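Engineer: based on what follows, work out the 3D shape:
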Amino acid sequence: MKVIAIIPSGGRGTRMGESLPKQYHLINGRELISYTINVFQKCDLIDEIIIPAQKDYFLLLDEIKHKNHFTKLKNIVEGGTERQNSVYNALQSAEANDDDIIVIHDAARPLLSVSTLEEAVKSAIIFDSILVSLAARDTLVKGDLEVHSYIDRTGVFYAQTPQVFRYRIIKDALEKAMAEDFYGTDESMLVVRAGYKVKIIEGSILNFKITTRDDLDLFTSLIKIL
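Structural biologist: As a prediction, the model looks like this:
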């Protein structure tokens, strides 16, 4: 059984208002995505890494691979128009069997711990489908410019990555969604929609996704002390 990580890197970073996608920003002389890849490189349970990305950044990713000695990065493939197209392209390139484990993780979540990654993979071996999530802790409100109502946070989670699935399950879920022209916000949504159960395991507040300039500044500060 192989464990293959897919790190989609096709995002354009439009919410940061800059032309360079956030995953390629230099932080302390290293591209943001290199911090993310390094977690998977260090994890003994990961056999190989595939990155779907825009063709414009293939050379840069190849440079990142070699200068950081990312020996597990086996393939860089062309990303699609949407995230799930990119993940599907990566799946198509993988030499995987039905029971192999596929780990999907956001390129812009560089503070994933090896221990959380290992727990997610080990849990997927038992339960087939795993979603790393953070239990909602704050008061949740619904509204626009004013509060309309309050939402009971009991049983509410913030979905994170990694999301981990048997190859046959994520492939089936993606193919069903694409055949029906359905686009979900993450892979777990597609897997549940396809009729599979997904087990939740606890994530970490440090495993946040870098989306805004404030997120990037926070990460820059955190890596100085972690």
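Engineer: now the chain, which segments are flagged as low pLDDT?
Structural biologist: 11-18 (pLDDT under 70).
Engineer: in it, which spans are strands?
Structural biologist: 3-6, 26-27, 30-31, 48-53, 73-78, 101-104, 129-135, 140-143, 147-151, 157-166, 199-202 (DSSP state E).
Engineer: any chance of these in a markdown table with mean neighbour count and distance to Phe40 as columns?
Structural biologist: C-beta: built from backbone N, CA, C; applies to glycine. Shown next, in a markdown table, are the strands of the chain (neighbours: other CB atoms under 10 Å; distance: least, CB to CB, whole Å):
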| stretch | mean neighbour count | distance to Phe40 |
| --- | --- | --- |
| strand 3-6 | 26 | 5 |
| strand 26-27 | 12 | 18 |
| strand 30-31 | 19 | 15 |
| strand 48-53 | 24 | 5 |
| strand 73-78 | 18 | 9 |
| strand 101-104 | 25 | 8 |
| strand 129-135 | 21 | 14 |
| strand 140-143 | 10 | 32 |
| strand 147-151 | 9 | 35 |
| strand 157-166 | 23 | 9 |
| strand 199-202 | 15 | 18 |
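Engineer: reformat the ones you listed as TSV; add distance to Gln84.
Structural biologist: What follows is those, written out as TSV (distance: least, CB to CB, whole Å):
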stretch	distance to Gln84
strand 3-6	11
strand 26-27	28
strand 30-31	24
strand 48-53	10
strand 73-78	14
strand 101-104	10
strand 129-135	16
strand 140-143	27
strand 147-151	27
strand 157-166	12
strand 199-202	21
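Engineer: now the residue nearest the centre of the chain: how far from His66?
Structural biologist: Centroid-nearest residue in the chain: His105, 2.0 Å away (criterion: CA atoms, centre = their mean). In this view, His105 and His66 are 21 Å apart by CB to CB, to the nearest Å.
Engineer: got the residue ranges for the helices in the protein?
Structural biologist: 32-42, 58-67, 83-93, 114-127, 167-179, 187-193, 213-222 (DSSP state H).
Engineer: dump those helices into JSON lines; add mean neighbour count as well.
Structural biologist: What follows is the helices of the chain, written out as JSON lines (neighbours: other CB atoms under 10 Å):
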{"stretch": "helix 32-42", "mean neighbour count": "21"}
{"stretch": "helix 58-67", "mean neighbour count": "15"}
{"stretch": "helix 83-93", "mean neighbour count": "21"}
{"stretch": "helix 114-127", "mean neighbour count": "17"}
{"stretch": "helix 167-179", "mean neighbour count": "18"}
{"stretch": "helix 187-193", "mean neighbour count": "22"}
{"stretch": "helix 213-222", "mean neighbour count": "14"}
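Engineer: and Gln160, which of those is closest to it?
Structural biologist: For Gln160, the closest of the helices of the chain is helix 114-127, at 9.0 Å, according to CB to CB.
Engineer: sorry, back to before: which residues sit in contact with the residue nearest to the centre of the chain?
Structural biologist: Ala5, Ile6, Ile7, Thr36, Phe40, Leu112, Leu117, Thr161, Pro162, Gln163 (CB atoms under 8 Å, 6 or more residues apart in numbering).
Engineer: of the strands of the chain, which is nearest Thr212?
Structural biologist: strand 26-27 (14.8 Å).
Engineer: that closest one pairs with which strands, parallel or anti?
Structural biologist: strand 30-31 (antiparallel) (DSSP bridges).
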